[in-house]
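Chemist: Need the 3D shape of this:
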Amino acid sequence: MLRPITIYHFILLNPSDKENFAFIMKKSILFLLVLFLGSASLSAQQGVSLRNATAVRTTQAPKIDGKISDSVWQLATPLTDFIINSPDFGKPSRLATKVWILYDDAALYLAANLEDDPTLIRKQLTARDGEQRQDVDYFAAYFDTYNDNQNGFQFVVTSRNVQSDGRISPSAHNQFGPPSDYSWDAVWESNVQFTTTGWTVEIRIPYISLRFSKAVEQSWGINFQRFSRRLNESSYWNPINPNEAGFVNQFGDLTGISGIEPPLRLSILPYLTAGFRNTPTSKGVVKEFLRNGGVDLKWGVNESFTLDATLVPDFGQVISDNVILNLSPFEVRFQENRPFFTEGTELFNKAGLFYSRRIGLTPRGYWGVKNRVANDPNLRIIHNPGITQLINASKFSGRNNKNLGIAVFNAVSAPMSATIENIATGKRESIETEPLTNYNLLVLDQALKGRSSITFTNTNVVRSGIARDANVSALDFALFDKNNRYSLAGTARYSTVKSQDPYDGFTTWLSFRKISGKLQFSLSENVESDRYDPNDLGFLRAPNEINTMVNVSYNQFTPTKKLLSYRYSLRATNSYLYKPYRWREISIGASAFYYLKNFWDITFIYEAKPTWQNDFFELRTPGRFVRAMPWHYVGFVGSSDSRKRFYISAEGGYATTPAFSNAAFVRYEFSFRYRFNNWLSLTLYSEGSEDNGNVGFAFRREANGEPIIGWRNIFQQTTLLTGLLNFTPRMFLTLRARHYWSKVSYEKFYNVNPAGNWVDRSFIAGVDNNYNAYNLDVFYTWDFMYGSRLIVGWKNWMPLDYNIDGSRFQTYGKNLRQVLTSHQGKEATIRLIYFLDYQKLRRKQPH
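Modeler: This next block holds a predicted model:
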């Protein structure tokens, strides 16, 4: 068999030799650096046209009523002539827009007049931060207060005066719209009015919601966006060219702001939570009365840096996880839904080493206690907490006037213990399920000229007693040529784990990309040693890999005769095991995306692993591997015009293998959204798959410890119902109900010989699995005052250890009926959060 070539084969035939690792990396970086500099020198210089805006100081603050009737607005020169970004870049916007900018010692003021036929303006009420792909027009303002061309603030107001805000950063990603982290929430004011010629908006952004230097003369990047849902037209004051990489680097310039002092940014958010929880168990219902109180603190240490802290946090009112039956050898990564860990964390997440779900997770000894009691009828659980209690957590972050970003995170979780009782003797036993743990994260991010940057990250986890401690250090860099055409990026990371069996490891990654223009490509390589482990505070599915990746795409961003845009892409990945150095697999893929003139879209997909692979992870046995069959997959993804009341998105695919004629994989996905009116919308999502040729670890071993694999049929089905009912721009009700079903039926079992081949063995009964998961989350939210909120929550769930007999209930409908009629956990909570701002309290004090 031919061995696929990697970058390292140009340098050394044995890259697993650690003595040559430094030599390999030096030569690899030199090779790509020469390629980077050569490509940069060949790229044509492109002039970037930046517009200039001037803010005007006012001695009288305008009234934020949305009317733009105050005479002070006449002091400013309006900004006009917006340019379309999508769908027809470069053309003047079809709708006239004017923007005015004022400021005083306390805040920045914006006004916008957005001309349109008032009967055609889209006016759907949405949730905060939820305007994307909804039937509503909006106006947005963007600020790059340090003029580093990389980071910024976003403020959005819809035609119904619903606010959205976010932090823009290189590490943020957004499927629709700018690269903004919407989890960041600021306190600011806005109002809108409808007129005979369109609609108007006024905004007041207090300086406590921004970060900027103490310079006498401020120089910021700025941009404004207008989105017309009726036309599906997005336009900007300073053009945003879709052919160019980056967003903040395409802002205009804002001058005129002088003599302002960054205020003391100090706010306190005390909160109270009360409620009850009923949890059914095999030995009765556990009833709990919930009560908690705590405080969140935000303190602007200086003009650039902010300290966020939470004391005795309560994260009960969050969306439930999408739990699945995981048959893979890899951990499932869950989304972070706790506000403290999502707000303002763009610096912490830049290196990808911060997986905040590690903090406050289920105690590692929780299931051990459950299993011990389940296997002993003489024992019962008195107390076994399912969540690790946080004592406190704090974040310190900001960026100084030298464009150095600094972020420090610390959290302390309490030791957790379970109590079990011997029913016969009454004797109780306390078992520690999680030790006292301290989590730390440090980030130093230096923004360089253009979009370039270099970042140092360190994570550190210290546990009490003899439990393991861990440390990871990382250096990341991203370099862009002066014309923003090419990029060279890389990382080097080193991990250490201190335990009874200490070990260390490393990983490196290097990538060269063409990032702008119609033709784009990337060439990258990563190496992960067999003992690299960032998982005490980060997330890595598996180490011990060498991957070479190539991606090429052709992008048409502007309309053609029949299409609004289209994209063709090809990719290939060749993988080796790092130690021992063995070939693993090659995967290829291709896609074709078309955005139609009627605003429908469709993507055709081909994915394949065309040869037999060596899977070194599936057996969960060090040094062993199993041969995995080749496969080919074809599919599609598409959606209709999301402006319509009835919106549908769909995905489907089929996979087969040339190795077995009776093996096939089918998956489908549908989403139906119906907007009843401007206040109420419901979405029904359904996803399913059937794989009748899945071969994997059967979770059984021979008496000598040899792993057993099985040929199995896997059927999975997920149904998700979500709803949004808006009462006012700041009062809404959300609904989320999810049911997941997975049925696993084994047909054959095999042993695996040293060559990775399957060897027939006798059938094993009782290995089949029938798994259900169900959650219902309902939240009523009322932002009764800027920064203050009342939340009422209701939750239902099926206990994870509740089993439904798959031999009796063999269809999805029967399983769903059993779930809905089973004993479910119930929780009702009410939470009051009150925003106290030092600046506002100071203004109320008598002089």
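Chemist: Thought residue 256 was touching residue 222, still the case?
Modeler: No: here residue 222 lies out of contact with residue 256, judged by CB atoms under 8 Å, at a distance of 10.9 Å. Just so you know, the C-beta spots here come from the backbone N, C-alpha and C atoms, and that holds for glycine as well.
Chemist: quick one: which of the two has more around it?
Modeler: The neighbour count for residue 222 versus residue 256, taken as other CB atoms under 10 Å, is higher for residue 222 (25 against 18).
Chemist: helix/strand/coil for the more buried one?
Modeler: Of the three states, residue 222 takes strand under DSSP: H, G, I helix; E, B strand; the rest coil.
Chemist: show me what contacts it?
Modeler: 53, 141, 142, 143, 144, 238, 251, 252, 253, 254 (CB atoms under 8 Å, 6 or more residues apart in numbering).
Chemist: Using TSV, please lay out these together with secondary structure.
Modeler: Shown next, in TSV, are the contacts of residue 222 (three-state DSSP):
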residue	secondary structure
53	strand
141	strand
142	strand
143	strand
144	strand
238	coil
251	coil
252	strand
253	strand
254	strand
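Chemist: of all these, which two lie farthest apart?
Modeler: Farthest apart among the contacts of residue 222 by CB to CB are 141 and 253. That separation is 14.7 Å.
Chemist: Of those two, which one has the most company?
Modeler: Neighbour count, other CB under 10 Å: between residue 141 and residue 253, residue 141 has more, with 23 against 16.
Chemist: pLDDT value on that one, please?
Modeler: Each residue has a pLDDT score; the one for residue 141 is 98.
Chemist: do the same with residue 182
Modeler: Looking at residue 182, the pLDDT reads 84.
Chemist: Then residue 197?
Modeler: The predicted local confidence for residue 197 is 96.
Chemist: Can you tell me how far it is from residue 232?
Modeler: From residue 197 across to residue 232, the span is 21 Å (CB to CB, to the nearest Å).
Chemist: Over to residue 399?
Modeler: The value you get for residue 399 to residue 232, if CB to CB is used, is 35 Å.
Chemist: So which of these two has more stuff around it?
Modeler: Neighbour count, other CB under 10 Å: between residue 399 and residue 232, residue 399 has more, with 24 against 14.
Chemist: Go ahead and confirm the more buried one touches residue 443.
Modeler: No: counting by CB under 8 Å, residue 399 sits too far from residue 443 to count as a contact (11.0 Å).
Chemist: State the three-state secondary structure for the spatially closest residue to residue 448 that is not a sequence neighbour.
Modeler: Distance criterion CB to CB, 6 or more residues apart in numbering; nearest residue to residue 448, sequence neighbours excluded, is residue 454 at 6.8 Å. Classification of residue 454 by three-state DSSP places it in strand.
Chemist: Confirm residue 817 sits in a helix?
Modeler: Yes: per three-state DSSP, residue 817 lies within a helix segment.
Chemist: so who does it touch?
Modeler: Contacts of residue 817 by CB under 8 Å, 6+ apart are residue 809.
Chemist: measure it to residue 556 for me?
Modeler: Relative to residue 556, residue 817 is positioned 50 Å away (CB to CB).
Chemist: How about residue 751?
Modeler: Distance, residue 751 to residue 556, by CB to CB: 53 Å.
Chemist: ok, now residue 842?
Modeler: Per CB to CB, residue 842 is found 55 Å from residue 556.
Chemist: More neighbours: which of those two?
Modeler: residue 556 (18 against 11).
Chemist: Let me see the contact set for that one.
Modeler: By CB under 8 Å, 6+ apart, residue 556 lies in contact with 518, 563, 565, 566, 567.
Chemist: so the first one sits right up against residue 552, yeah?
Modeler: Think residue 518. No: the criterion here is CB under 8 Å, and residue 518 misses it with residue 552 at 11.6 Å.
Chemist: So the two - more neighbours on which side?
Modeler: residue 552 (16 against 12).
Chemist: Go ahead and list the helix or strand containing the more buried one.
Modeler: Secondary structure assignment for residue 552, by DSSP states H and E: strand 545-556.
Chemist: Any buried residues in that strand, and which?
Modeler: 545, 546, 547, 548, 549, 551, 552, 553, 555, 556 (16 or more other CB atoms under 10 Å).
Chemist: I'd like to know how far the residue lying closest to the second one once chain neighbours are set aside sits from residue 786.
Modeler: Using CB to CB, 6+ apart and skipping residues adjacent in sequence, the residue nearest residue 546 is residue 576, 4.2 Å away. In this structure, residue 576 and residue 786 are 55 Å apart, going by CB to CB.
Chemist: So which of those two has more stuff around it?
Modeler: Higher neighbour count among residue 576 and residue 786: residue 576, with 23 against 16, using other CB under 10 Å.
Chemist: Following element in sequence after the helix or strand where that one lies, please.
Modeler: In the assignment (DSSP H and E), residue 576 maps to strand 563-577. Per DSSP H and E, the first helix or strand lying C-terminal to strand 563-577 is strand 582-596.
Chemist: Who are the packing partners of that following strand?
Modeler: strand 563-577, strand 601-609, strand 613-615 (3 or more CB pairs under 8 Å, 6 or more residues apart in numbering; DSSP states H and E).
Chemist: So in that sheet, which strands flank the first one, and in what orientation?
Modeler: Strands that pair with strand 563-577, judged by DSSP bridges, come out as strand 545-556 (antiparallel), strand 582-596 (antiparallel).
Chemist: Give the buried residues for it.
Modeler: Buried, per 16+ other CB under 10 Å, within strand 563-577: 563, 564, 565, 566, 567, 569, 571, 573, 574, 575, 576, 577.
Chemist: from those, which single one is nearest residue 227?
Modeler: Nearest to residue 227 out of the buried residues of strand 563-577 is residue 564 (CB to CB; 15.6 Å).
Chemist: any idea how far the closest one is from residue 104?
Modeler: The gap separating residue 564 from residue 104 is 43 Å, by CB to CB.
Chemist: Kindly report the same for residue 277.
Modeler: According to CB to CB, residue 277 and residue 104 sit 49 Å apart.
Chemist: Kindly report the same for residue 745.
Modeler: As judged by CB to CB, residue 745 and residue 104 stand 70 Å apart.
Chemist: hmm, back to that, didn't the residue nearest to residue 448 look like it was pressed against residue 474?
Modeler: No: look at residue 454 against residue 474 with CB under 8 Å: they stay out of range, at 11.4 Å.
Chemist: who has more neighbours, those two?
Modeler: Neighbour count, other CB under 10 Å: between residue 454 and residue 474, residue 474 has more, with 22 against 14.
Chemist: What strand or helix carries the more buried one?
Modeler: Counting by DSSP H and E, residue 474 is found in strand 469-480.
Chemist: Could you do residue 666 as well?
Modeler: In the assignment (DSSP H and E), residue 666 maps to strand 660-675.
Chemist: What is that strand packed up against?
Modeler: Counting by 3+ CB pairs under 8 Å, 6+ apart, strand 660-675 packs on strand 631-639, strand 646-657, strand 680-701.
Chemist: Would you format these as CSV with mean neighbour count and distance to residue 125 included?
Modeler: As requested, these are exported to CSV (neighbours: other CB atoms under 10 Å; distance: least, CB to CB, whole Å):
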stretch, mean neighbour count, distance to residue 125
strand 631-639, 17, 23
strand 646-657, 16, 17
strand 680-701, 17, 9
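Chemist: can you put those strands in TSV and add distance to residue 478 and mean pLDDT?
Modeler: Shown next, in TSV, are the helices and strands packed on strand 660-675 (distance: least, CB to CB, whole Å; pLDDT from 0 to 100):
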stretch	distance to residue 478	mean pLDDT
strand 631-639	30	98
strand 646-657	32	97
strand 680-701	35	96
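Chemist: Out of these, which is closest to residue 162?
Modeler: Smallest distance to residue 162 across those (CB to CB): 13.8 Å, for strand 680-701.
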